[in-house]
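In: When you get a sec, could you give me coordinates for this:
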Amino acid sequence: MTTLNLSQQSAKTLDIEKRKLEAKLLPDVKRIFRNISIDARNLYKATGNLPSRELASNYNSDFTKEIRDIYRTTIKKFGFQIRKDVEKKHGLFFDVEYKSELLGLELKQSISVVDENINDKLDNINNEFALAATLFIANQSEQQTEFIEDTNGKMIETALLVGSLLYEEDLQKIRREGGNDNLFIKNKKTIIANNIKKNLDSKIDGRSELIVNQNVGDAESWGRQKEAELLNQSQLVSTREEIIKVSKTWSTILDSSTRTDHAIADGQVVDDVDGFFLVGGEQGKRPRDDSFSMKNKANCRCVAIYSV
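Out: Numbering: from 1, shown residues only. Prediction:
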């Protein structure tokens, strides 16, 4: 079997590419959180009440749309890299046109191989990839929306609690200093409402970055793994009359932020693309795999490097 590194990209290089993509996707997510903050302030100011869970659920459709956009954009960028690298570095040229309305993508490839069934095989890869992407986007976006709704509800509840406590602290301070608290009490709802908004505003950057980072990483990891699986299943024959087989290597960004288990996993090779990596006592087919617990999934910057 001829071994050829398909991506030629280290985990750090891929991380840079993902960061650039995240920067483009971040503003739309921040906009949703800014709207939540404004609505929370206005609602409390008008009513003196803040139904946190109800307010959070009002934005479910917005988050579902954004999550799906994140997945589509990321899969379009990273989900076709192996095929492109095969074409570029293995001397193969697929002669095929692929269009997916779901992914908003038109892909033209020219690949010349000795496999007489090349067009049928590639059509099958493309169709199966599009179908799998449809299911992934639908299922994962719903799961992520539920998680975001729950987290946002708790975030709004905390903002209400903090806003009320700050009001009481400031009121007590006025009284200790012998000030007139009449105006302060009269404006209680407005003051607490502004406190709520200030607290929520302080969370916008962190929450938005976490959501975008997590979902770009998930989609990148899923897309590359799925493409590799489909290539292996297709039994493509190269111009060297060899069946193309894809393997994978766990690649870790090694710096002060790297968790120990992921540093140990760096360089781990799995010959069967359907096989599992062993990371910190847990098994997963790819970085951020759902089979991993959050200790291995959250903020993971690792990638799988696929080779043929």
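In: Tell me the buried residues in stretch 136-156?
Out: Using 16 or more other C-beta atoms under 10 Å as the test for burial, stretch 136-156 gives 136-137, 140-141, 144-145, 148-149, 152-153, 155-156. C-beta here means a position set from N, CA and C on the backbone, and glycine is covered the same way.
In: list the contacts for G280?
Out: Residues in contact with G280 (C-beta atoms under 8 Å, 6 or more residues apart in numbering) are 259, 261-262, 264-265, 295-296.
In: how about a cut-off of 6 Å?
Out: Neighbour list for G280: 261, 296 [criterion: C-beta atoms under 6 Å, 6 or more residues apart in numbering].
In: Over to N60?
Out: 145, 149.
In: so what's it scoring on pLDDT?
Out: Listed pLDDT for N60 reads 97.
In: State the distance from it to A263.
Out: 38 Å (C-beta to C-beta, to the nearest Å).
In: How about K30?
Out: From K30 to A263 the distance is 32 Å (C-beta to C-beta).
In: Those two: which has the busier surroundings?
Out: Using other C-beta atoms under 10 Å as the criterion, K30 and A263 rank with K30 on top: 16 against 13.
In: Just give me how far stretch 177-196 sits from the chain centre.
Out: 42 Å (C-alpha atoms, centre = their mean, to the nearest Å).
In: Output it as PDB, nothing but the C-alphas.
Out: The C-alpha atoms that make up stretch 177-196 are tabulated as PDB, following Å, rounded to 0.1, in the frame of the first residue of the first chain:
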ATOM      1  CA  GLU A 177     -24.300  57.500  53.500                       C
ATOM      2  CA  GLY A 178     -27.500  59.300  54.600                       C
ATOM      3  CA  GLY A 179     -28.700  60.000  51.100                       C
ATOM      4  CA  ASN A 180     -32.300  60.400  49.900                       C
ATOM      5  CA  ASP A 181     -33.400  57.000  48.500                       C
ATOM      6  CA  ASN A 182     -36.800  58.100  47.200                       C
ATOM      7  CA  LEU A 183     -35.700  58.600  43.600                       C
ATOM      8  CA  PHE A 184     -33.700  55.400  43.600                       C
ATOM      9  CA  ILE A 185     -36.700  53.400  44.900                       C
ATOM     10  CA  LYS A 186     -39.000  55.100  42.400                       C
ATOM     11  CA  ASN A 187     -36.700  54.000  39.500                       C
ATOM     12  CA  LYS A 188     -36.200  50.400  40.900                       C
ATOM     13  CA  LYS A 189     -37.400  48.600  37.800                       C
ATOM     14  CA  THR A 190     -35.300  50.700  35.400                       C
ATOM     15  CA  ILE A 191     -32.200  50.300  37.600                       C
ATOM     16  CA  ILE A 192     -32.600  46.500  37.900                       C
ATOM     17  CA  ALA A 193     -33.400  46.300  34.200                       C
ATOM     18  CA  ASN A 194     -30.100  48.100  33.300                       C
ATOM     19  CA  ASN A 195     -28.200  45.900  35.700                       C
ATOM     20  CA  ILE A 196     -29.700  42.800  33.900                       C
END
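In: Centre of the chain to stretch 299-308, how far?
Out: For stretch 299-308, the distance to the chain centre is 14 Å (C-alpha atoms, centre = their mean).
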